[in-house]
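**Q** Provided below for reference: sequence and predicted model.
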Number of protein chains: 2
Amino acid sequence: MPTTSAAGDGRRPTLADVAARAGVSVALVSIVMRGAKGAGAATRERVLRAAEEIGYRPDTRARLLRSSRSRLLGVQFGLHHPFHTHLVEGIYAAAEPAGYQVALSAVAPSRGERQAVEALLADRCEALVLLGPEMPVARLADIAAQVPVVSVARRLRPAPPGVDVVRTADDEGARQAVDHLVALGHRAIVHIDGGRAPGAADRRRGYRTAMNRHGLSGHSRLLPGGLTEEDGARAARTLLAEGHRPSAVLAFNDRCATGVLDAFLRAGVGVPTEVSVVGFDDTRLARLAHIDLTTVAQDIPRLAELAVGRAIARLEGERDSETASGRETVIAPRLVVRGTTATP
Amino acid sequence: MPTTSAAGDGRRPTLADVAARAGVSVALVSIVMRGAKGAGAATRERVLRAAEEIGYRPDTRARLLRSSRSRLLGVQFGLHHPFHTHLVEGIYAAAEPAGYQVALSAVAPSRGERQAVEALLADRCEALVLLGPEMPVARLADIAAQVPVVSVARRLRPAPPGVDVVRTADDEGARQAVDHLVALGHRAIVHIDGGRAPGAADRRRGYRTAMNRHGLSGHSRLLPGGLTEEDGARAARTLLAEGHRPSAVLAFNDRCATGVLDAFLRAGVGVPTEVSVVGFDDTRLARLAHIDLTTVAQDIPRLAELAVGRAIARLEGERDSETASGRETVIAPRLVVRGTTATP
DNA sequence: TCCAGGCGCACCAGTTTCGCG
DNA sequence: GCGCGAAACTGGTGCGCCTGG
């Protein structure tokens, strides 16, 4: 019995099966399947037909094993963060045309960044794209010693060798929001912040300096917030309980802003008639007609594209700069004015 | 120059590198790394130290290549669906202790189920767990001919050979919601449905039969909805425009219910004082204090656990039932009463 | 004589180099 | 120089075999 039976024995078909069926060598089938040159048109046709007939599907792992390159991009993302999931979508879109596969590894309450990264490294990813990593810089440096790393949305100063940063100018975004509110006539503007989340420090700084520049340092006020709707709602309830409301609120992100919105609505406080609210990120949430949130947009597709681009650049060019100090790419945010802001 | 230099040449260390450093054979290092028996304590110690020193990390792909088993579970999920991302978290939790790795493949507006499944198959996943698959049954059957498939939350009648189904009793969930509302005194109960989404048909049916059973068939009313906040908000606006509101709304899922909630709030319609609203899924969203949504809970951790369990059962036991007709596991939903329902 | 510890080698499914007609 | 095949190679696994106490 030949070792080349196609189906029936449970094994999935291999190159050898296709080769036997087409009456050619394994090497030739490999050439044809990759679309490489070195095969005649007629043979190529015959091989493809044979592959089709027995339902052959190349084995990624075996393929990667031989070629020194794996063309595999590891992506760590927060499973429950819309900002991350949108980035992931953009990463797929940027990586696949460039001939790179994407390996996802999720971070969730029950699964830490350590596990997520270990899994990606064990899978032989050539480079890692980490979305909003919260691990210590020393750990990032460790990882970067093994494989190029791109940190998205998390600023690092200074970036360790081998780590690139792609992020939005968070301080500038906060400034745009404050400028917009001040132009509308607001003075008492509160910032509900993101605590230790990536980007939060910059947004705080941007908020504070903008307030100062407008001579409103006396009105500057930071309220502890967070990344979730619940954090925003809690902060808003704190404000409501105090009696004297601010006239505007800049929330850490859209989820947080949504919580703020909801708490105000429930308390009968009109938005934007009595309070203006600004979010950050411009996720799908903000665009929903019933939310219609004024927000600072991050250009998510572009962030994704740049992150993939940086990773690939490290892998394909820049051979001598492998240990070069990290490079930082900062893109501009853009205020999107919608329905939650108005004159006081 | 030996082929066994550890670092410096950019290559990541292999078994051979560790072997050379520890002065033993490759086979022995393999044994030690796997924790298999057949190595002495002292040698084991020496090998582990050598591996540690040069930062050796086993290559999953090469390992899987050799062993016929890949112990890899492929999971297709909707990147932007909270219900799915929660399931993914549960799947990690169930798979890793059982010694299975998880390979994620996302479905997004820009990435269809076809691509998602192709990627998983190319990665040599041993079984596929598909979350709320929307592909045609024939396609599911095709895939199941290659590898065991578990469909989560999507009912199939009949399930093709090789496809198991794990789902919540959606009709029963809708019934519980209607019973609850009727017990509170509601009669005009509208269902904003999920169109062609997995589970939507069953929820519609459950709603209708429950209404009939209560003698309310005259009040039965279906409104086209969908899975997102926007869909819910749109449907709610339709209701508001009509002038005569229903006294209660059963939404397809929590996201949809949130949209309904928001539209009502904006129109100044009190919930639950003027209208009661019920969701479905009990995602984190529903539990947020400021949403506090009465909803039909799906036991997500259990669904995840069962899905993984079914996949593993196909792989490890049941050898003779490989082509057995699909098995269906249905678990009970549970109504969680929170703050969005009250007597009319 | 037994057997634990350790080694060599074939093998997994591809890719790549080289040489031949 | 084109079309093709033989064989080496990728990193790790598992079997058979050898050795010494």
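**A** Ah, there it is.

**Q** When you work out contacts or count neighbours from here on, use the C-alpha atoms and nothing else.
**A** Will do.

**Q** Could you identify the helix or strand that succeeds the helix or strand bottoming out on mean pLDDT in chain A?
**A** Within chain A, no helix or strand scores below helix A:60-66, which has a mean of 83 by mean pLDDT, DSSP states H and E. Tracing the chain C-terminally past helix A:60-66 and defining elements by DSSP states H and E, one meets strand A:72-78 next.

**Q** Same question for the least confident helix or strand of chain A: list its buried residues.
**A** Of the residues in helix A:60-66, those scored as buried under the neighbour-count criterion (16 or more other C-alpha atoms under 10 Å in any protein chain shown) are A:60-62, A:64.

**Q** Stretch A:134-153 too?
**A** For stretch A:134-153, the buried set under the neighbour-count rule, 16+ other C-alpha under 10 Å, comprises A:137, A:140-141, A:143-153.

**Q** go on, stretch A:280-292?
**A** A:280-283, A:285-291.

**Q** Quick one: mean pLDDT over stretch A:304-320.
**A** In this model, stretch A:304-320 has a mean pLDDT of 85.

**Q** same question, stretch A:134-142
**A** Across stretch A:134-142, the average pLDDT comes to 94.

**Q** quick revisit: now for the buried residues of stretch A:134-153: which two are most distant?
**A** Taking every pair in the buried residues of stretch A:134-153 and measuring C-alpha to C-alpha, the maximum separation is 21.5 Å, between A:146 and A:153.

**Q** Just the strands from chain A, written as ranges.
**A** In order along the chain, chain A carries the following strands (DSSP state E): A:72-78, A:101-107, A:127-131, A:149-152, A:163-168, A:189-192, A:221-223, A:248-251, A:276-281, A:294-297, A:328-331, A:334-336.

**Q** which stretch among these comes nearest residue B:194?
**A** Across the strands of chain A, the minimum distance to residue B:194, taken as C-alpha to C-alpha, is reached by strand A:72-78, at 26.9 Å.

**Q** Include mean pLDDT and distance to residue A:27 when you put the strands of chain A into CSV, please.
**A** Compiled in CSV, the strands of chain A are given as follows (pLDDT from 0 to 100; distance: least, C-alpha to C-alpha, whole Å):
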stretch, mean pLDDT, distance to residue A:27
strand A:72-78, 95, 24
strand A:101-107, 94, 24
strand A:127-131, 96, 29
strand A:149-152, 97, 35
strand A:163-168, 96, 39
strand A:189-192, 98, 62
strand A:221-223, 97, 65
strand A:248-251, 98, 59
strand A:276-281, 98, 50
strand A:294-297, 98, 51
strand A:328-331, 96, 43
strand A:334-336, 98, 53
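
**Q** I'd like these as CSV, with distance to residue A:308 appended.
**A** What follows is those, written out as CSV (distance: least, C-alpha to C-alpha, whole Å):
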stretch, distance to residue A:308
strand A:72-78, 8
strand A:101-107, 10
strand A:127-131, 8
strand A:149-152, 8
strand A:163-168, 10
strand A:189-192, 32
strand A:221-223, 35
strand A:248-251, 29
strand A:276-281, 20
strand A:294-297, 20
strand A:328-331, 12
strand A:334-336, 22
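
**Q** right, and those strands - which one's nearest DNA strand D?
**A** With respect to DNA strand D, and counting by C-alpha to the nearest atom of the strand, the nearest of the strands of chain A is strand A:72-78 at 15.0 Å.

**Q** do the closest one and DNA strand C meet at all?
**A** No. Applying C-alpha under 7 Å from any atom of the strand, one finds that strand A:72-78 is not in contact with DNA strand C, the shortest distance being 14.0 Å.

**Q** Distance from the chain centre to that strand, please.
**A** 9 Å (C-alpha atoms, centre = their mean, to the nearest Å).

**Q** repeat for stretch A:329-338
**A** 16 Å.

**Q** And for that stretch, what's in contact with it?
**A** Outside of stretch A:329-338, the residues that reach it under the criterion C-alpha atoms under 8 Å, 6 or more residues apart in numbering or on different chains are A:164-170, A:172-173, A:176-177, A:282, A:292-299, A:303, A:306.

**Q** Show me where chain A has its helices.
**A** Taking DSSP state H as the criterion, chain A contains helices spanning A:15-22, A:26-34, A:41-54, A:60-66, A:82-95, A:113-122, A:137-146, A:170-184, A:200-213, A:229-241, A:254-266, A:284-287, A:300-316.

**Q** tell me the contacts of the spatially most central residue of chain A?
**A** With distances taken as C-alpha atoms, centre = their mean, chain A has residue A:87 as the residue nearest its mean C-alpha position (3.5 Å). Contact criterion C-alpha under 8 Å, 6+ apart gives A:300-301, A:303-304 as the residues in contact with residue A:87.

**Q** swap in residue A:85?
**A** Residue A:85 makes contact with A:77-79, B:79-80, according to C-alpha under 8 Å, 6+ apart.

**Q** Likewise for residue A:309?
**A** Residue A:309 makes no contacts at all, as judged by C-alpha under 8 Å, 6+ apart.

**Q** Close to DNA strand C: what parts of the stretch 1-150 of chain A are there?
**A** Of all the residues in the stretch 1-150 of chain A, those in contact range of DNA strand C (C-alpha under 7 Å from any atom of the strand) are A:11-16, A:26-28, A:30-31, A:33-34, A:57-60, A:62-67.

**Q** Are any of those buried, and if so which?
**A** Among these, those classed as buried by 16+ other C-alpha under 10 Å are A:12-16, A:26, A:28, A:30, A:33, A:57-60, A:62, A:64.

**Q** Max pairwise distance over those residues: which two?
**A** Distance extremes for those: the farthest pair is A:12 and A:28 at 19.5 Å, using C-alpha to C-alpha.

**Q** circling back to that earlier point, looking at the contacts of residue A:87, which is nearest residue A:255?
**A** Nearest to residue A:255, judged by C-alpha to C-alpha, of these is residue A:300 at 15.9 Å.

**Q** Tell me the pLDDT of the closest one.
**A** Per-residue confidence (pLDDT) for residue A:300: 96.

**Q** That one: neighbouring residues, count only.
**A** Residues within reach of residue A:300, counting by other C-alpha atoms under 10 Å in any protein chain shown, total 22.

**Q** What distance do you get for the closest residue to it other than its chain neighbours to DNA strand C?
**A** Excluding its sequence neighbours, the residue lying closest to residue A:300 (C-alpha to C-alpha, 6 or more residues apart in numbering or on different chains) is residue A:87, at 5.9 Å. Using C-alpha to the nearest atom of the strand, to the nearest Å, residue A:87 is found at 29 Å from DNA strand C.

**Q** Likewise for residue A:41?
**A** When distances are taken as C-alpha to the nearest atom of the strand, residue A:41 and DNA strand C turn out to be 15 Å apart.
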